[in-house]
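Participant: With the input below, show me the fold.
(2 chains)
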Amino acid sequence: MSDEKPPRDSPEIKRLSLVLGPGHTYGSVTDKISAIVLTRPTSLGWFIGFAISFSIVGMLTVALGWLITKGTGIWGINIPIGWGFAIVNFIWWIGIGHAGTLISAILFLLNQKWRTSINRFAEAMTLFAVACAGIFPLIHTGRPWMAFYMFPYPSTMGLWPQFRSPLIWDVFAVSTYGTVSLLFWYVGLIPDLATLRDRAIKMPMKVIYGMLSMGWRGSARHWHRYQSAYLLLAGLATPLVLSVHTIVSFDFAIGIVPGWHTTIFPPYFVAGAIYSGFAMVLTIAIPLRKAYGLEDFITMRHLDNMAKVMLATGLIVAYGYFIEFFMALYSGNKFDVFLVQQRLHGPYAPFYYALLLCNILTPQLLWFYKMRHNVAVLFIMSIVVNIGMWLERFVIVVISLTRDFVPSAWGRYSPTFWDWATFIGTMGLFVMLIFLFVRVLPAISIAEMRELVAETSEEEK
Amino acid sequence: MLHRSHIYGVMGEFSTPEELIHAVEKIREAGYRRLDAYAPFPVEGLSKALGLKRNMVPAICLIGGLTGGLGGFFFQYWVNVIAYPLNIGGRPLNSWPAFIPVTFELTILGAALSAVFGMLALNRLPQPHHPVFNVHRFTHASTDRFFLCIESRDPKFHLADTARILQEVHAHHVSEVSDD
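Facilitator: Residues are numbered from 1 along each chain as shown, chains lettered A, B, ... in the order given. Coordinates of the predicted model:
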C-alpha cells in the first residue's frame, strides 16, 4: 500500500532495507554469533523450554512404545480410512522442511544476500522436520522393524521393491532429501566449526569442535574447491526440493480416488510446502532474534521478504484450490462433483472452511506494509498458516477416503488420544532439537556473515 | 638453509583481504610458487591471484551423478525385466516412465555425495594436524585475520630473504612455521 509507505530515500527505508545492521566488522559478527554457543551463560528460559519440549518427547516415546506393543489399532484409522493422521502429519512435516532448502539453495543461486543470516537455522529446521516426517510412514507400516523391506537388497526370497509404486518413489525421494539436506548443512558448518574450535576455551569443546571441523584451516586452495562443491550442492538441491513434494503428491495423484487424481497436485503441493515452510521459519526466527538479540542480523528486511514469499506462495495455493474446484465441475465427473459437495456441506465441512480462512483469507493482510512490519502479527500469521496447511492435508486425505465411490464403503474418521500424542510428540521433538541446535551450533553462518561484511564494506566505498 | 628440513615455511599476517591479495600478487611476481593463503571466508579474487586453475570437484560430481542415474535406471530395469519379471495384464516389463522418479533421485544423491566427498578428499580432509596450526596467532585465521604462508619446499625459499620479502609487502607478525 503505497500511501502508508515512507518515501524511498527516507532514513527509515534505508534502515529497513539493510540485511546487516551498521558498523559490523569480521570480528564483531564472529564474537556475537559464537558467543551464543561459547560464552553466554545458558539462560533460564532455555532450560524451561528444553524441559517442556523434552517431556513432550517423553510422551512421544510412550506413544510409540504403546504403538509397537499394540499395533496401529490404537489409532483412529480403519477401513476405509487407512491413512489418517500418520500421512497427514508426514506431509505436513516434510512440507515444512522445504523452506530450508529453498532458502539455502534457490536463494543462493539467485544471489539473494538476505538469505545469509537465516539459511543456517532454516537448514537445521529442514533436517529436524524431515526427521519428524520420517517417523510417520515408518510407524504407519505397522511393523517398523520390517521397514528395510522397502529398500532394494538381495533378499533370500529373490523379491525386489515395486519400483512402479509412488510409495517406493517416496522412500527414495525422502531419504535422498534427508541425506542431501544433511550434507548441505554440514558443508556449510565446517568453517564455523573451525571458528568455534579456535575460540573455545574449554578442552572438551576444543576437541569436539576440532573433530567436527575435520582440521579446516581456511586455506585458499580449500576455499576454492569448497565454493565449487557448495555451488554444485545448491544446484542439485534446487531440483531436488521441487521433486520431493512432487513425488509426495504422486502418492495421491497416481491413485484414482476422487479429489486426488488431478494434475494440479504437484505444483500446488510444492507451493504449499514452501508456504508452510516459510511460515515455520518465521515462527522460529521471531523468538530467536528476540531471545538472543539478533535484530542486527535477522532484520525487518528478512521478515518482510519472508512475508512476501508467504503471500506469493499462498496465492498459488489458493489458485490450486480454485483449479481443484473448477476441474471437478468442468469435467462433470459425478464423483468429483460429489466430492466438492462433500467438502462444502459434508461432515468435515467446518475443516474446509477453517482451511480457507487460515490459508486464503488471513494471509491477504500481508499485502499491507504495516502488517508485514508488525512482528506480533507476523508471528500469529505464521502459526495460522501452519494450522491451515495441516488442515489442507487433513481435508485431502480424510474427505476423499470417507466418501469415495460406493455409499456402502463410506466411513468416518476421528483421531484417538494416541494419534494426538504422537503428533504433539513430534512437535516436541522438533522444538527440542531446535533448542539443542541453537545451544551447541552457530544458528547463523559466521563465515557467510563475514563475507557479507566484506561485500557491504566494499559497497560503502 | 640449515633450517630447511625443520621448518614448513614463513608466515605473515594481514588485516584486510585487499592487503592479502596485494601481497600474494607481489610474492608471485617475485617468483615464489609454493605458497598458500588462509582466510576466514572465501575472498573474491584470491584464487585468481594465487593462480589456481579450475578444480576437479565439478568433474567428480558429474561422474557421481551419471553413475547414480544410470546405475539407478538399469538396476530398476534389471529387477523388472531380468531378475523378477511379473506379467501384469500384458503390460510392458520395461515401463521406463515409472522408473524416472527413482532414477532422478539417485542421480541427485550420487552427484551430491560425490561433490562433498570429492571436495573433502581433494582437500585432504579430515586432517587432524597441519604445521600452520603451530603458529600461535593462526587461531585468528578463522575470525578476522588473513595469512600468507610461503612454504619451504619452494625452490626460491630462503629463511631470511623470504621473511624480508613478506615484511616488504607489509605483513605483520612474520614468523617461522615449524614442521612438527
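Participant: ok, and the closest non-adjacent residue to residue A:427?
Facilitator: Take residue A:427 and drop its neighbours on the chain: the residue closest to it by CB to CB, 6 or more residues apart in numbering or on different chains is residue A:56, 7.0 Å away. To be clear about C-beta, it is placed using only N, CA and C from the backbone, and glycine gets the same treatment.
Participant: Could you list the low-confidence segments of the chain?
Facilitator: This is for chain A. Counting by pLDDT under 70, the ranges of chain A that qualify are A:1-18, A:459-461.
Participant: hm, I was asking about chain B
Facilitator: Chain B contains residues with pLDDT under 70 at B:1-5.
Participant: And the helices in the stretch 251-400 of chain A, which stretches?
Facilitator: Remark: helices assigned in the stretch 251-400 of chain A by DSSP state H, counting those that start in this stretch are A:265-291, A:300-331, A:334-345, A:349-356, A:369-372, A:375-394, A:400-402.
Participant: so which of the ones you listed comes closest to residue B:167?
Facilitator: helix A:300-331 (43.7 Å; CB to CB).
Participant: so how far is residue A:298 from the residue nearest to residue A:427?
Facilitator: Plainly put, residue A:56 is 26 Å away from residue A:298 if you go by CB to CB, to the nearest Å.
Participant: So which of the two has more stuff around it?
Facilitator: Using other CB atoms under 10 Å in any protein chain shown as the criterion, residue A:56 and residue A:298 rank with residue A:298 on top: 24 against 20.
Participant: OK, contacts around the more buried one?
Facilitator: A:117-118, A:285, A:288-289, A:444 (CB atoms under 8 Å, 6 or more residues apart in numbering or on different chains).
Participant: Residue most distant from the centroid, chain B?
Facilitator: For chain B, the residue at maximal distance from the C-alpha centroid (CA atoms, centre = their mean) is residue B:89, at 53.9 Å.
Participant: which ones are touching the residue nearest to residue A:427?
Facilitator: A:424-425, A:427-429, A:431-432.
Participant: In chain B, which residue is most central in space?
Facilitator: Geometric centre of chain B, nearest residue: residue B:123, 4.2 Å, by CA atoms, centre = their mean.
Participant: burial of the nearest residue to that one once chain neighbours are set aside, as a residue count?
Facilitator: Spatial nearest neighbour of residue B:123, excluding adjacent residues (CB to CB, 6+ apart): residue A:222 at 4.7 Å. When neighbours are defined as other CB under 10 Å, residue A:222 has 23 of them.
Participant: quick one: what helix or strand has residue A:222 in it?
Facilitator: Taking DSSP states H and E as the criterion, residue A:222 maps to helix A:220-253.
Participant: Ok, residue A:178 next?
Facilitator: helix A:166-199.
Participant: Report the separation between the residue of the stretch 251-400 of chain A found nearest chain B and residue A:266.
Facilitator: Closest approach between the stretch 251-400 of chain A and chain B, counting by CB to the nearest CB: residue A:254, at 9.4 Å. Counting by CB to CB, the gap from residue A:254 to residue A:266 is 11 Å.
Participant: Go ahead and confirm the residue nearest to the centre of chain B touches residue A:221.
Facilitator: Yes. Using CB atoms under 8 Å, residue B:123 makes contact with residue A:221 at a distance of 7.4 Å.
Participant: follow-up on the earlier one: the helix holding residue A:178: which residues count as buried?
Facilitator: Within helix A:166-199, the residues that count as buried by 16 or more other CB atoms under 10 Å in any protein chain shown are A:166, A:168-178, A:180-185, A:187-199.
Participant: now do stretch A:412-426
Facilitator: Within stretch A:412-426, the residues that count as buried by 16+ other CB under 10 Å are A:413, A:415, A:418-419, A:421-423, A:425-426.
Participant: still on that earlier bit, show me what the helix holding residue A:178 is packed up against.
Facilitator: Packing partners of helix A:166-199 (3 or more CB pairs under 8 Å, 6 or more residues apart in numbering or on different chains; DSSP states H and E): helix A:26-38, helix A:84-101, helix A:116-140, helix A:203-213, helix A:220-253, helix A:446-460, helix B:96-122.
Participant: Using the three-state scheme, assign the residue nearest to residue A:427.
Facilitator: For residue A:56, the assignment made with DSSP: H, G, I helix; E, B strand; the rest coil gives helix.
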